[in-house]
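**Q** model this:
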Amino acid sequence: MTVEHYVLFLGLAFFAEIIGTLSGFGSSILFVPLATLFFDFKTVLGITAIFHVFSNISKVALFGKNIDQSIAFKLGIPAILFVLVGAWLTAYIEQEKIAFLMSILLIVLSVLLLITDHFSLPKNNLNLYLGGVLSGFLAGLIGTGGAIRGITLIAFNLEKNVFVATSALIDLGVDFSRAVVYIWNGYFLVAYLPLIFMLMFISFLGTYVGKVVLEYTSQKAFRYVVLIVILCNALLQIFNLFS
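**A** Numbering: from 1, shown residues only. As a prediction, the model looks like this:
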């Protein structure tokens, strides 16, 4: 990539981190489709997992006092276990299929959440366990499971800071687990270390900016902005695949 492409990529990563903090989904739901415009998909998986580890460390550090430990445990343990399954399967599934499935998933979830403002699930442990299984498996397989986790957490009507903190703690375990598998599979090259150091700085800065904005802006308003951005990027990703 040219210097201009790297600057654009880092700028989009910063934007994704701010939106990821505001929405509580995490930056990967927006970062993955944007990053696929610059790198092959398996490289994106490796970079995203490592970037997201630092992203979630930032969120836990800034929002940590708001974590709901009970929900984090019941949703997080299944997610961490099944992210390993999804990450392992990436070595046996074609890149194009993964990218296409990712985009379709994001489109379906975005439209669903846009047209059903009050969509929720029954508040029980079973849905927490299922949400953890699905979000972890999809995070490992296609790079992002934040939307599934978000839908699950919405059912419990968590205050926005509790939502962000609890989701970030779960995501930290998920991303650390899949990062190990991706590195083992050779998805991350040493040549990208300078990029990771820059993304590390962006993760902390973007999370801080997102936290400041979150204090003065209702999460509901940004929810629609986030879903529209995700939908547009998923559509763009499908366009790129077929073109």
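**Q** and the most centrally placed residue in the chain, what's its pLDDT?
**A** Centroid check for the chain by C-alpha atoms, centre = their mean gives residue 28 as the closest residue, at 2.9 Å. pLDDT for residue 28: 71.
**Q** distance of it from residue 193?
**A** Distance of residue 28 to residue 193, given as C-beta to C-beta, to the nearest Å: 20 Å. (C-beta placed from N, C-alpha, C; glycine too.)
**Q** now residue 218
**A** To residue 193, residue 218 is 39 Å away according to C-beta to C-beta.
**Q** swap in residue 80?
**A** 26 Å.
**Q** give me the more crowded residue out of those two.
**A** residue 80 (21 against 11; other C-beta atoms under 10 Å).
**Q** and the residue nearest to residue 170 when sequence neighbours are not counted, what is it in contact with?
**A** Nearest non-adjacent residue to residue 170, counting by C-beta to C-beta, 6 or more residues apart in numbering: residue 76, 4.0 Å away. Shown in contact with residue 76 (C-beta atoms under 8 Å, 6 or more residues apart in numbering): 132, 169-170, 173-174.
**Q** out of these, which sit inside helices?
**A** Among those, the residues falling in helices (DSSP state H) are 132, 169-170, 173-174.
**Q** least confident of those residues?
**A** Comparing pLDDT over those, the lowest score belongs to residue 174 (81).
**Q** surely that residue touches residue 137?
**A** No. The pair residue 174 and residue 137 does not pass the contact test of C-beta atoms under 8 Å, sitting 10.1 Å apart.
**Q** who does the one helix or strand residue 42 maps to touch, helix- and strand-wise?
**A** Using DSSP states H and E, residue 42 sits in helix 41-63. Under the contact definition 3 or more C-beta pairs under 8 Å, 6 or more residues apart in numbering; DSSP states H and E, helix 41-63 sits against helix 3-23, helix 28-35, helix 95-115, helix 160-184, helix 193-216.
**Q** same thing but at 10 Å, please
**A** Using 3 or more C-beta pairs under 10 Å, 6 or more residues apart in numbering; DSSP states H and E, the elements in contact with helix 41-63 are helix 3-23, helix 28-35, helix 69-89, helix 95-115, helix 125-142, helix 160-184, helix 193-216.
**Q** quick check: which of those helices is buried the most?
**A** helix 28-35 (a mean of 26; mean count of other C-beta atoms under 10 Å).
**Q** tell me the angle of that one relative to helix 3-23?
**A** Angle of helix 28-35 versus helix 3-23, following axes from the mean of the first three to the mean of the last three C-alpha atoms, to 10 degrees, is 160 degrees.
**Q** what is helix 28-35 packed up against?
**A** For helix 28-35, the packing partners by 3+ C-beta pairs under 10 Å, 6+ apart come out as helix 3-23, helix 41-63, helix 95-115, helix 125-142, helix 146-154, helix 160-184, helix 219-242.
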